[in-house]
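Colleague: Provided below are the primary sequence and the corresponding predicted coordinates.
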Amino acid sequence: EAEVAQSPRYKITEKSQAVAFWCDPISGHATLYWYRQILGQGPELLVQFQDESVVDDSQLPKDRFSAERLKGVDSTLKIQPAELGDSAMYLCASSLDSASYNEQFFGPGTRLTVL
Amino acid sequence: DAKTTQPPSMDCAEGRAANLPCNHSTISGNEYVYWYRQIHSQGPQYIIHGLKNNETNEMASLIITEDRKSSTLILPHATLRDTAVYYCIVRVYGSQGNLIFGKGTKLSVKP
């Protein structure tokens, strides 16, 4: 069964350092989402792509976060500089397209710890 | 903000039915009820969705009240592997965009 791949699974970094997370969606899925999940909370959307275009980044802290999906396939989320409050699980999800009747498939996530 | 209210936690004995309630009193006529679950250290997983009729699949059953203001997810024979956080989400069918998660219900299935 096709799955969403993410790497690394775990990342420990010091504050003010740069970190990057990678996501490879299910083949053929046009829509890709990055969510952030703080411990004890539900996931919250950071950015949504339709193919290579950003369609919603209203919740992305653009002073330190950036995301790209250059060829409309895999995607990278970057944080520079990392802050203590960025410690969280970063989840990538994909779907055939953005219509809600298409199931979103989630990857295993990257657990970020900022020291 | 999430448009649903769920109890923060529930326990269930292994082999028994787990009934997880969700309140969505402000649901609109074109909004569906979706359920996802998240097993520890994994990403969320889709379970089921419905509009007003009861729905059943290989994972669970979804019972929606006639006034659509609440629903119940039923796991008919809970196993230890069903221990997870269960999220109830309302969403317009065919709408664009992301899922809006609340805090969900932490279901603990006990031997």
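Modeller: Thanks, I have it.

Colleague: what residues does chain A put near chain B?
Modeller: A:4, A:33, A:35, A:40-45, A:48, A:55-56, A:91-93, A:98-101, A:103-109, A:111 (C-beta under 8 Å from any C-beta of the partner chain). From N, CA and C alone the C-beta is placed, and that goes for glycine too.

Colleague: so of those residues, which ones are in strands?
Modeller: Using DSSP state E, the members of those that fall in strands are A:33, A:35, A:44-45, A:48, A:55-56, A:91-93, A:105-106, A:111.

Colleague: So for stretch A:53-70, mean pLDDT?
Modeller: Averaged across stretch A:53-70, the pLDDT comes to 94.

Colleague: Over to stretch A:27-38?
Modeller: Here the average pLDDT along stretch A:27-38 is 95.

Colleague: can you check stretch B:42-62 too?
Modeller: 93.

Colleague: measure that stretch end to end?
Modeller: 23 Å (C-alpha to C-alpha, to the nearest Å).

Colleague: buried residues in it?
Modeller: In terms of neighbour count (16 or more other C-beta atoms under 10 Å in any protein chain shown), stretch B:42-62 has its buried residues at B:Gly43, B:Pro44, B:Gln45, B:Tyr46, B:Ile47, B:Ile48, B:His49, B:Gly50, B:Glu55, B:Ala60, B:Ser61, B:Leu62.

Colleague: Is B:Ile64 bridged to anything, and to what?
Modeller: Beta-bridge partners of B:Ile64, counted by DSSP bridges, are B:Ser71.
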